[in-house]
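Asker: Make a model of this:
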Amino acid sequence: MPHYAPRRFERFNCEMAVWIHPLAPEEPLLLAEVLNISGGGFLCRVDRELPQNQPLDISIELPQRENLVPVKGEVRHVRPEDEQTFLIGLEFTEIEGMTVPAFIAYIEAMFV
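Answerer: Now for the predicted structure:
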């Protein structure tokens, strides 16, 4: 039986949009629907599979923020939801313009 580490951050259900920027210029921008978010990452629904461990540039639309928040992340897990959509778990690796503790405090204040 695999061992799973406990989550480091509280997870909050939400409905938010994020834009995943393609690594290859010929690929289109990918709009994703965030299902839950924490200080460490989020789970989103997308219409195409992404490779596990792939680094990504992401723009997050956070409530009560005027501008999109640029984030760097990495795909941690992928599973098919149905024949046309996938659930992607992304881990934040860098949050531009915010420290991780400030981001965690912001997320907790928005969703508690």
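Asker: what packs against the lowest-mean-pLDDT helix or strand in the chain?
Answerer: Confidence across the helices and strands of the chain bottoms out at helix 100-111, with a mean of 81, counting by mean pLDDT, DSSP states H and E. On a contact count with 3 or more C-beta pairs under 8 Å, 6 or more residues apart in numbering; DSSP states H and E, helix 100-111 meets strand 12-21, strand 86-95. (Glycine included, C-beta is placed from N, CA and C.)
Asker: what's in contact with that helix?
Answerer: The contact list for helix 100-111, computed with C-beta atoms under 8 Å, 6 or more residues apart in numbering, reads 9-10, 12-14, 37-39, 62-64, 92, 95, 98.
Asker: Kindly format the C-alpha coordinates of that helix as CSV.
Answerer: The C-alpha atoms that make up helix 100-111 are tabulated as CSV, following Å, rounded to 0.1, in the frame of the first residue of the first chain:
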residue,chain,number,x,y,z
VAL,A,100,4.2,31.9,-0.1
PRO,A,101,3.1,32.8,3.5
ALA,A,102,1.3,36.0,2.1
PHE,A,103,-0.4,33.9,-0.6
ILE,A,104,-1.5,31.3,1.9
ALA,A,105,-2.9,34.0,4.2
TYR,A,106,-4.7,35.5,1.2
ILE,A,107,-6.2,32.2,0.2
GLU,A,108,-7.4,31.5,3.7
ALA,A,109,-8.9,35.0,4.1
MET,A,110,-10.8,34.6,0.8
PHE,A,111,-12.2,31.1,1.4
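Asker: sorry, back to before: okay, the helices and strands packed on helix 100-111, which one's buried deepest?
Answerer: strand 86-95 (a mean of 18; mean count of other C-beta atoms under 10 Å).
Asker: picking that back up, now render the helices and strands packed on helix 100-111 as a markdown table, adding distance to G73.
Answerer: Below are these laid out as a markdown table (distance: least, C-beta to C-beta, whole Å):
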| stretch | distance to G73 |
| --- | --- |
| strand 12-21 | 9 |
| strand 86-95 | 4 |
